[in-house]
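> Need the 3D shape of this:
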Amino acid sequence: MQPAVSEVVITAPDAEWLAAFTRRLVEDRLCSSGHCVETIRSIYRWQGEIYDKPEARVMLHTRTSLVQQIIDRANREHPYEVACVTATPITLGNAAYLQWILDETDESEER
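Numbers count the residues shown, from 1 in each chain. I've put the predicted structure just below:
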């Protein structure tokens with residue numbers, strides 16, 4: 001049976017910070033890739049106020065077993081007090097692409 005893969009979504013207030021964060025994750029083999037969207041419009045409630053602000057978003061592809069390490073890294077490095085980090089299992093996809101995700105990630109050591 002093939003190991004599970006997931007898509008992890010992270011948002012941030014700054015596209016350049018998010019791109020640099022994504023690059024570090026790829027370099028450390030915590031994810032195979034990150035698809036960055038430089039500007040999204042986020043509307044949210046935070047500490048009793050409603051905000052309407054531009055943010056950046058990245059969709060990472062990784063082994064499900066590495067998701068917690070990505071969450072931990074985001075919690076340490078993210079500029080927000082509470083980082084938006086969510087993960088969704090990838091249940092179906094191009095088999096060659098899913099294998100590539102596995103080939104480009106490494107769960108051999110804690111980062």
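
> mind checking pLDDT for the spatially most distant residue from the centre of the chain?
No residue in the chain sits farther from the centre than residue 48, which is 26.9 Å out by CA atoms, centre = their mean. At residue 48, the model reports a pLDDT of 97.

> can you tell me how far it sits from residue 31?
Note on residue 48: its distance to residue 31, by CB to CB, to the nearest Å, is 34 Å. C-beta coordinates here come from the backbone N, C-alpha and C atoms, glycine included.

> from what I can see residue 29 touches residue 102, true?
No - with contact defined as CB atoms under 8 Å, residue 29 does not reach residue 102; the gap is 11.0 Å.

> show me the contacts for residue 11.
Applying CB atoms under 8 Å, 6 or more residues apart in numbering to residue 11 gives the contacts 18, 40, 42, 55, 56, 57, 58, 84.

> partners of the closest residue to residue 33 other than its chain neighbours in the sheet?
Counting by CB to CB, 6 or more residues apart in numbering, residue 33 lies nearest to residue 61, which is 5.3 Å off, once chain neighbours are set aside. When bridges are called by DSSP bridges, residue 61 pairs up with residue 7, residue 33.

> and residue 61, how many neighbours?
Around residue 61 sit 22 other residues, with neighbours defined as other CB atoms under 10 Å.

> That concludes my questions; thank you for your assistance.
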